[in-house]
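Peer 1: Okay, predicted coordinates and the sequence, questions at the end:
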Amino acid sequence: MLNHLSLVKEVWLPLIVLANALSINSPAFAQIIQTNPQQIIQTNPQQIIRTNPQTQDLLQERFRQQQEQQNQQTQERMNETWLRQNFQQPQQLQTIQQQQFTRQRQEMFRQQQLRLQQEETRLQQQDFSRQQQLRIQQQQLRQDQQIRQQQQLRLQEQIRQQQLR
């Protein structure tokens, strides 16, 4: 967008300057200068010259010098603008790259956090499975103990029965 604006400035500014130069150099403008007796031009601080055909050349020369000076200033401003734009583009590119790097780093961090959460969940599941297995083993142990106790009681009962006979 900035390049487009500078292009418009480069094209239109010289046209405007040229249009002004042509309108001032036209016979109608010269007639206005010639017929206006109140207009005074000062080329030398000691000497005041009224406009006449000879001073028209001086006016035109002074105007031409002013136009050249304005053109030079305009060109300098355009060069400064160009330099600023070309200096800003690498900065903007660097800013964009930094933003992309930051987003990538944030994404890496987010993925790392997700992996850590998944690992933590996996470890919790393993722990839960171990606890379940431990409970099952303890339950089996209790059942085994009960079975043994029952068997022992039966055995004792049988022995007692045999002794009674």
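Peer 2: Good, I have the coordinates. Numbers count the residues shown, from 1 in each chain.
Peer 1: switch to C-alpha atoms for all contacts and neighbour counts from now on
Peer 2: OK.
Peer 1: average pLDDT across the longest helix along the chain?
Peer 2: If you go by DSSP state H, the chain has its longest helix at helix 53-164. Helix 53-164 carries an average pLDDT of 89.
Peer 1: Show me what it packs onto, helices and strands only.
Peer 2: Helix 53-164 sits against helix 2-24, helix 27-35, with contacts defined as 3 or more CA pairs under 8 Å, 6 or more residues apart in numbering; DSSP states H and E.
Peer 1: And these, which one averages the lowest pLDDT?
Peer 2: Among the helices and strands packed on helix 53-164, helix 27-35 scores lowest, with a mean of 50.
Peer 1: if I look at Q99, how far off is Q89?
Peer 2: 15 Å (CA to CA, to the nearest Å).
Peer 1: and L134, what is it in contact with?
Peer 2: Listed by CA atoms under 8 Å, 6 or more residues apart in numbering, L134 has no contact partners.
Peer 1: Against R122, how distant is it?
Peer 2: Using CA to CA, L134 is found at 18 Å from R122.
Peer 1: same thing with L93?
Peer 2: L93 is 43 Å from R122, by CA to CA.
Peer 1: likewise M108?
Peer 2: From M108 to R122 the distance is 21 Å (CA to CA).
Peer 1: repeat for T81
Peer 2: For T81 relative to R122 (CA to CA), the value is 60 Å.
Peer 1: of those two, who's got more company?
Peer 2: The neighbour comparison of T81 against R122 (other CA atoms under 10 Å) goes to T81, with 15 against 12.
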